[in-house]
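A.B. asks: no FASTA, just this:
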C-alpha cells in the first residue's frame, strides 16, 4: 500500500478534537483569569499576571492552530519537539499566571 492509498482512519480526527478540547480549556482558564482580575480589583501584579496569561494563551492558540491545520493531510508530520515544548510551556505558564491573579 503506497502513501497515496493510506487510510488514516480516525486518528487524525481524534488528534484534532483533542487539540480543540485543550484549546477550549485554555480559553476558559484565560477567561477566568480575566474575570478574577476584574472582580478582585485591578492591582499592578494582577494586571501583569493577566497580561502574561493572555500572552501564554495566544502562544498556545498559535501552536494548536498550526497542529490542527497540519492534521488535514493524508500523512501528517509529527509534532516537532519545539512546538511540543511551546505548547507545554504555554499551558504551565497559563496555569501559573492564572493562579497569580488570585493573590
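C.D. replies: All right, it came through fine. Predicted, not measured: the structure shown is a model, and the values here were computed from it.

A.B. asks: any weak-confidence spans in this structure?
C.D. replies: 1-8, 40 (pLDDT under 70).

A.B. asks: As a check, name the ranges of all helices in it.
C.D. replies: Using DSSP state H, the helices of the chain run over 11-39, 44-70, 81-100.

A.B. asks: now those helices as a markdown table including mean neighbour count?
C.D. replies: Placement of C-beta: from N, CA and C, glycine included. Converted to a markdown table, those look like this (neighbours: other Cβ atoms under 10 Å):
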| stretch | mean neighbour count |
| --- | --- |
| helix 11-39 | 15 |
| helix 44-70 | 17 |
| helix 81-100 | 16 |
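
A.B. asks: which non-adjacent residue is nearest the most centrally placed residue in the chain?
C.D. replies: In the chain, the centroid-proximal residue (Cα atoms, centre = their mean) is residue 60; its distance is 3.4 Å. For residue 60, ignoring the flanking residues on the chain, the nearest one in space by Cβ to Cβ, 6 or more residues apart in numbering is residue 90 at 3.9 Å.

A.B. asks: I'd like the distance between the one you found and residue 74.
C.D. replies: 29 Å (Cβ to Cβ, to the nearest Å).

A.B. asks: Likewise for residue 52?
C.D. replies: 39 Å.

A.B. asks: again with residue 63
C.D. replies: For residue 63 relative to residue 74 (Cβ to Cβ), the value is 22 Å.

A.B. asks: next one: residue 96
C.D. replies: Taking Cβ to Cβ, one finds residue 96 at 39 Å from residue 74.

A.B. asks: now residue 25
C.D. replies: If you go by Cβ to Cβ, the gap between residue 25 and residue 74 works out to 29 Å.

A.B. asks: cool, and residue 66?
C.D. replies: 18 Å.

A.B. asks: Could you do residue 45 as well?
C.D. replies: 49 Å.

A.B. asks: cool, residue 16 as well?
C.D. replies: For residue 16 relative to residue 74 (Cβ to Cβ), the value is 14 Å.
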